[in-house]
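K.L.:
From the sequence below, what's the structure:
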Amino acid sequence: MSGLEVNKILASIILAILVVTIISNLGDIIIDIDKDEIETAYKIDIPESGEFKPSTNIEEGALEPISLILANSSLDKGQKIFKKCSACHTYVKEGANKVGPNLWNLVDSPKANVEGYAYSKELAKFGGKWSYEELSQFLYKPKEYIKGTKMNFSGLKKAQDRANLILFLREQSDNPIPLP
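P.N.:
Numbering: from 1, shown residues only. This is a model prediction of the structure:
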């Protein structure tokens, strides 16, 4: 290698170091991180009691009433949401049970009433009917609403999604019950 080529390589390295140094110093001049006025991160308030509870829009144990949302719900969107359920459930009249029971005529029917399906003891003991509100609470977080249920689904967090699905399930009946 000739001396001229070595000089070019050294000059290139020095120029690169010089450019990086100038850009770094220029960035520090433009953005002064030592000022107290600028916050560079989000402040998270943690209670001093040492116990942290994430905040939610829903009070503990209560959800927004689904009956108010049902009027503006969509059957088509409900059918699309049911595709998540179709891996375990059917909704055809006199259809066979899958991993979960057939959901024909579900709304306003007694819980754990599909013949030929072995429900969990907890759901069978729970009793009552599948009202609009009960379905909404169950679909929000099934494992928390009925502890010990066999339904292995994380839930539908959005109220509109639950309302669309419930409206779709309501229509899967010979005589759908009236909307609230």
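K.L.:
for residue 13, phi and psi?
P.N.:
Main-chain dihedrals, residue 13, degrees, to the nearest 10: phi -70, psi -40.
K.L.:
That one and residue 83: what is the separation?
P.N.:
60 Å (C-beta to C-beta, to the nearest Å). The C-beta positions use only the backbone N, C-alpha and C, and glycine is treated the same way.
K.L.:
cool, and residue 2?
P.N.:
From residue 2 to residue 83 the distance is 71 Å (C-beta to C-beta).
K.L.:
same deal with residue 133?
P.N.:
Taking C-beta to C-beta, one finds residue 133 at 24 Å from residue 83.
K.L.:
Quick check on those two: which one has the bigger neighbour count.
P.N.:
Between residue 133 and residue 83, counted using other C-beta atoms under 10 Å, the more crowded position is residue 133 (14 against 8).
K.L.:
so what's that one up against?
P.N.:
When contacts are counted by C-beta atoms under 8 Å, 6 or more residues apart in numbering, residue 133 is found next to 65-67.
K.L.:
Distance to residue 28 and neighbour count for those residues - can I get that in JSON lines?
P.N.:
Below are the contacts of residue 133 laid out as JSON lines (distance: C-beta to C-beta, whole Å; neighbours: other C-beta atoms under 10 Å):
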{"residue": "65", "distance to residue 28": "55", "neighbour count": "13"}
{"residue": "66", "distance to residue 28": "55", "neighbour count": "24"}
{"residue": "67", "distance to residue 28": "59", "neighbour count": "15"}
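K.L.:
just checking, which of the residues you listed belong to helices?
P.N.:
Members of those lying in helices (criterion: DSSP state H): residue 67.
K.L.:
which one among the contacts of residue 133 gets closest to residue 101?
P.N.:
Closest approach to residue 101 among those (C-beta to C-beta): residue 66, at 21.3 Å.
K.L.:
Find the residue closest to the closest one in space, skipping its chain neighbours.
P.N.:
residue 136 (3.8 Å; C-beta to C-beta, 6 or more residues apart in numbering).
K.L.:
Find the helix or strand that that neighbour is a member of.
P.N.:
Using DSSP states H and E, residue 136 falls within helix 132-140.
K.L.:
list the helices and strands the helix or strand just after that helix packs on?
P.N.:
Following helix 132-140 in sequence order, the next helix or strand is helix 142-145 (DSSP H and E). For helix 142-145, not one helix or strand is in contact under the criterion 3 or more C-beta pairs under 8 Å, 6 or more residues apart in numbering; DSSP states H and E.
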